[in-house]
Structure formats: C-alpha cells, structure tokens
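# Return a 3D structure for these sequence lines:
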Amino acid sequence: MDSSNPLHRFYYLFFAFCAIALSLDCSSNDGFVTYSNDGFSIEHPSSWRFQRDQAFSLNVGREIVFEFGEFSYATFYYSDRVGHKQFTDAYIESSFLKDPGNTAKVVSKAAYDVVGRAALEYRLTAEFLGAMNTRVISVDVSLDDEPIFLVVAIAEEDELEVQPILERVVSSVKGIK
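Okay, the predicted model is just below:
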C-alpha cells in the first residue's frame, strides 16, 4: 500500500476506525443476554442456564427459572395471592426449612434494597452429608399492578458473588406488551 497517497490513508484509517467501533460494540454487553417471553423481559448473565417458563406452579401463577451453579438458581415468581414478605417467608418455609432431618434453620434475616427495590436476605443452614449453607435473596420486582418476586438462592459450595449481577438483572426487568 502506498501510504503517501491521501486516499489510501483515508481508507486505511476509516477501516481501522470501523474495526475498533465494531469490537467495542460487540463487547458492550459484557456477557449479558436478554430473555424475553410472554410480556416479560430481563437481561441476565449468559452463564445462567434457562430451565423453564411455566404458566403454573404449586406456589404461584407463573415461574421463570434459571440455574447458575450446581446448587444455585434464580427464579422469577408471579404471585397475586400475597405480598413480598409473606411470599418470601412462605417460600423459605416450604423450600428450605422442611428438611427430613429437621436440621434446617434461619441463621439471619435482613431487609435491604437492590437498586431501589425491596429485598430480603436470609442466611440458612442445614445438615445433609455435612453442613449446607445457603444465602437466599428475594427482591420485589413487581411491574405496574403485577406482583413479581425474584428469588436467588446461592449455595456456599458454588462460591458465587451475585450482588453486582443482581443489581443489573433487577434494573433490567421490564414488562413488554
């Protein structure tokens, strides 16, 4: 290439600029993808494995489930029966505290917020082939008049830090018409 030719130099700089712009655009999602179905949309890490989106479950009207560790998961529950605190307390009771050996217990419970949304954090422990410690975070991500609760369970064995991810996921929750 003749670098003294101004037209060649212009084309070279133009293509170099385009290549840089494309690479920046491709990396801007930083590992997040969008899940969208039936009036609901979120951004979540691409490492989360989608499990199901079913219209009815035993506890609620609809549940959308993702797994992201051997024992860790995130689930969105649509529930018009009860409020956030009552839903979370009932969920903890039925999902974690009814173990066959009666060893499960709540170690701590705290209220806080995730990007302006009401959240509850539970630390749980149980004995099952050794101590099992789990952190459960429930966030009220309701849209308009539709109660939706995000429950994230993080098993100690998975050694995952979810707080920054949780903030991004909660911020991205949208209802789509």
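
# Quick one: neighbours of the closest residue to residue 141 other than its chain neighbours, just the number.
Nearest residue to residue 141 in three dimensions, chain neighbours excluded: residue 173, at 4.6 Å (C-beta to C-beta, 6 or more residues apart in numbering). Glycine gets a C-beta too; all of them are placed from N, C-alpha and C. Residue 173 has 19 neighbours, counted by other C-beta atoms under 10 Å.

# Any chance of the backbone angles for residue 173?
phi -60, psi 130 (degrees, to the nearest 10).

# Likewise for residue 165?
Dihedral angles for residue 165 - degrees, to the nearest 10 - are phi -70, psi -40.

# would you list every one of the strands in the chain?
Remark: strands assigned in the chain by DSSP state E are 32-37, 40-45, 49-54, 62-67, 73-78, 105-114, 117-127, 131-140, 148-155, 174-175.

# Which among the ones you listed is found nearest to residue 91?
strand 148-155 (6.2 Å; C-beta to C-beta).

# Contacts only, for the residue nearest to residue 141.
40-42, 141, 143, 148, 150 (C-beta atoms under 8 Å, 6 or more residues apart in numbering).

# Just put these in a markdown table and tack on distance to residue 126 and pLDDT.
Shown next, in a markdown table, are these (distance: C-beta to C-beta, whole Å; pLDDT from 0 to 100):
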| residue | distance to residue 126 | pLDDT |
| --- | --- | --- |
| 40 | 32 | 88 |
| 41 | 35 | 92 |
| 42 | 30 | 93 |
| 141 | 27 | 94 |
| 143 | 34 | 89 |
| 148 | 28 | 91 |
| 150 | 23 | 94 |
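
# could I get the strands of the chain as TSV with distance to residue 88 and mean neighbour count?
Formatted as TSV, the strands of the chain follow (distance: least, C-beta to C-beta, whole Å; neighbours: other C-beta atoms under 10 Å):
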stretch	distance to residue 88	mean neighbour count
strand 32-37	22	13
strand 40-45	19	18
strand 49-54	20	12
strand 62-67	14	19
strand 73-78	10	21
strand 105-114	9	12
strand 117-127	5	18
strand 131-140	4	19
strand 148-155	7	22
strand 174-175	21	13
